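**Q** okay, structure incoming, though there's no sequence with it:
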């Protein structure tokens, strides 16, 4: 996302939520004295921003069901092979191939990797609106499964990537073992970020999301091996 898009997202967010001025500046890339603090929780290494001059960590919690901003401003919803089966059944499809044909789009896009390299992603994405086209990919669209009360009509069978937000994750090979890494996405769309002197306020989230993130990455890796999604680096 460009700085302009992030700023637009923050301006929209501030109509309903109070955003810490320091966090706003950080999200816009105007805070540079930041360290990458890592903490290992079970099988996941979390990368947490630490603001050196403020001596504060940037942490997060979810305000759902009071907030459904991530559902209202979806960029894309890539599906794992598990998602294809579960969501297809939930939508009353007997054949996964029919679900893929009618309810998804296969798209290719560039995504920056953890080391700055560009990653070419080809994924099967759930249509966020019935008439969604490839030209809509990556743009903000309100998800068609968001009901009138702000709840997800798919819950608890919504896509794994929805559970993941606002984390971004990747896999690294560590002595022959897959190690999962996770960090935050700062798109300007989530009001759940806050500053804290220690990591303690987020310890429950670290434990809960360690399993969610690990399971999602294993499902994504299995999806790639099954030939339903492709990744290349450039």
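**A** That came through fine. This structure is a prediction, so every number in the text was calculated from the model and none was measured. Numbers count the residues shown, from 1 in each chain.
**Q** quick one: end-to-end distance for stretch 130-149.
**A** Using CA to CA, to the nearest Å, the end-to-end distance of stretch 130-149 comes to 20 Å.
**Q** do the same with stretch 53-70
**A** Counting by CA to CA, you get 30 Å between the two ends of stretch 53-70.
**Q** which residues does it contact?
**A** Contacts to stretch 53-70, defined as CB atoms under 8 Å, 6 or more residues apart in numbering, come from residues 13, 17, 22-23, 26, 33, 37, 48-51, 146, 149-152, 162, 165-166, 184, 189-199, 201-202, 205. Heads up, the C-betas are built off the backbone N, CA and C, glycines and all.
**Q** swap in stretch 5-13?
**A** 1, 19, 24, 27-28, 69, 73, 140, 186-191.
**Q** what are the buried residues along that stretch?
**A** Using 16 or more other CB atoms under 10 Å as the test for burial, stretch 5-13 gives 6, 9, 10, 12, 13.
**Q** how close does the residue lying farthest from the centre of the chain get to residue 34?
**A** In the chain, the greatest distance from the average C-alpha position (CA atoms, centre = their mean) is reached by residue 94, at 28.8 Å. From residue 94 across to residue 34, the span is 51 Å (CB to CB, to the nearest Å).
**Q** swap in residue 129?
**A** For residue 129, the distance to residue 34 equals 37 Å [CB to CB].
**Q** same check, this time on residue 93
**A** 46 Å.
**Q** the protein: strands as residue ranges?
**A** Along the chain, counting by DSSP state E, strands occupy 34-41, 44-51, 56-60, 104-112, 118-126, 167-174, 177-184, 193-196, 230-233.
**Q** so which of the ones you listed is the most surrounded?
**A** strand 56-60 (a mean of 20; mean count of other CB atoms under 10 Å).
**Q** taking strand 44-51 as reference, get the angle to the longest helix along the chain.
**A** In the chain, assigned by DSSP state H, the helix with the most residues is helix 203-225. Taking axes from the mean of the first three to the mean of the last three CA atoms, to 10 degrees, one finds helix 203-225 and strand 44-51 inclined to each other by 120 degrees.
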